[in-house]
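Chemist: Next one to model:
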Amino acid sequence: MKTNPGGALAPNEVVGRDRLIDKLWSILERQSLVLTAERRMGKTSIVKKMAAEPQSEMRVFFRDLEALRSPLEFVDCVFQDVRADLSGKERVMNRVREFMEQVGGLELKGLKLPKQVEPHWKTILTKTMEDLAEYQEGLLIFCWDEIPMMLDNIKREQSEAVAMEVLDTLRSLRQMIPGMRMVFTGSIGLHHVITRLKEKGYANAPTNDMLIEDVSPLAFEDACDLARGLLAGEGIWAKEGEALVRAIARSVDCFPYYIHHVVDALRWTKESRTVERVNEIVQANLCDDANRWDMAHYRERIDIYYADVEQTLALGILDELATTETSLSLRELLDRLNVQGAGLEPELVRKVVMLLRRDHYVVQQQDGSYEFKFSLIQRYWRMSRGL
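Modeler: Numbering: from 1, shown residues only. Coordinates of the predicted model:
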């Protein structure tokens, strides 16, 4: 196995996810899924592996939606996937053909849906799904990566109302076609998109029929297996052997992406491949001016997805948690932030803490106290903020 930091992994290179994938297949037998996780956790690699290795009597479609900016572009992607799957079938796409002839005498030819049908995107999407469901046996599973990004693009370039309509249409399709499932993934939390839509009057709960499943880092032994396999694949020998493997896994909180990076750095290092060298590599990347690990994202996204008053408070909360050796209760956070003196309401603190939890910065302990979810991000936060 070769290192591939940030690159697309082949299905057989996805390590330590078999148990999770088995669980996801089991869930999909009954309902659709929203996969949440911190960045670099491997959500996309997981769904790509599922699409490449589907269960029997399941047809899986995968699409990256990040670049799409309109409902018609989205419908066209779905249409092309379904059309390719139904090629050779008798009377393929019959419902879509009939509808397009009705609305404008248009014919299905070429590689894209014509611009003239844009006002009818919802009807075409529905009829496309109905055509597919008619000919397919078993479950139809659509894995849509970066769907929150697509919705955010639609909201910005068209309107909040159009983004709402897309969410409502997808929910309606899930209810209408019992044999269809959807899997939503994305680096932007879907909750941010929905929250902003609710601020504009959106009252629906578009994913309340879907199960939210968190993708955690690799189990420690699986992270060690990945590090061990990459070291062997790159022909890296180290005197410290297993101690080095365990240090790699532990130093990056078992994030598969960063394990690839550390081993790749060891491949090119002139120094001895030691536990100390691993720690030096991680430390150097936490304060890297070139931002090769894109750690700055953890600070930058607060400005993008949090309201102004939430931004200041989120930074204060994370600063406090970054510099304490123990977890802090809500009361301790309130005291440290001097909420009353700053004129902030305790309820706002609770709201922002919940956002930080949903964005995987913060985790709540069983005693109710809070701390950074990942020590790697805590270390970066402390260094980047000069705390």
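Chemist: And residue 372, its phi and psi?
Modeler: phi -60, psi 140 (degrees, to the nearest 10).
Chemist: So in terms of bridging, what pairs with it?
Modeler: Beta bridges link residue 372 to residue 362 when assigned by DSSP bridges.
Chemist: avg pLDDT for the helix or strand where residue 102 lies?
Modeler: Taking DSSP states H and E as the criterion, residue 102 maps to helix 94-104. For helix 94-104, the mean pLDDT works out to 77.
Chemist: Report the buried residues of it.
Modeler: By neighbour count with 16 or more other C-beta atoms under 10 Å, helix 94-104 contains the buried residues 94-97, 99-100. All C-beta atoms are positioned from the backbone trio N, CA, C, and that covers glycine.
Chemist: now, the most widely separated pair of these?
Modeler: Across the buried residues of helix 94-104, the longest distance by C-beta to C-beta is 11.1 Å; it joins 94 and 100.
Chemist: now the helices for the stretch 101-250 of the chain?
Modeler: All helices of the stretch 101-250 of the chain, identified by DSSP state H, counting those that start in this stretch, fall at 121-135, 147-157, 160-176, 190-199, 220-233, 242-251.
Chemist: Residue 293 is in contact with residue 258, correct?
Modeler: Yes - in this structure, residue 258 is within contact of residue 293 by C-beta atoms under 8 Å, at 6.8 Å.
Chemist: What are the buried residues along stretch 299-308?
Modeler: Those buried within stretch 299-308 under the rule 16+ other C-beta under 10 Å are 301-302, 305-306.
Chemist: Sorry, wrong one. I was asking about stretch 131-147.
Modeler: Applying 16+ other C-beta under 10 Å to stretch 131-147 flags 131-133, 136, 139-147 as buried.
Chemist: Now do the strand or helix carrying residue 353, average pLDDT.
Modeler: Using DSSP H and E, residue 353 sits within helix 346-358. The average pLDDT within helix 346-358 is 93.
Chemist: Tell me if I'm right that residue 152 and residue 194 touch.
Modeler: No - in this structure residue 152 lies outside contact range of residue 194 using C-beta under 8 Å: 10.7 Å.
Chemist: quick one: the residue most central in space within the chain and residue 386, what's the gap?
Modeler: For the chain, the residue nearest the mean C-alpha position is residue 186 (3.1 Å; C-alpha atoms, centre = their mean). Distance, residue 186 to residue 386, using C-beta to C-beta, to the nearest Å: 32 Å.
Chemist: now the strands for the stretch 251-387 of the chain?
Modeler: 362-364, 370-372 (DSSP state E, counting those that start in this stretch).
Chemist: quick one on the thing from earlier: what is the helix holding residue 102 packed up against?
Modeler: Applying 3 or more C-beta pairs under 8 Å, 6 or more residues apart in numbering; DSSP states H and E, one finds that helix 94-104 makes contact with helix 121-135.
Chemist: so how far is the helix it packs on from its chain's centroid?
Modeler: 27 Å (C-alpha atoms, centre = their mean, to the nearest Å).
Chemist: Can you check what pLDDT the model gives the residue nearest to residue 36 when sequence neighbours are not counted?
Modeler: With C-beta to C-beta, 6 or more residues apart in numbering as the criterion, residue 36 has its nearest non-adjacent residue at 5.3 Å, and that residue is residue 214. Confidence at residue 214, expressed as pLDDT, is 93.
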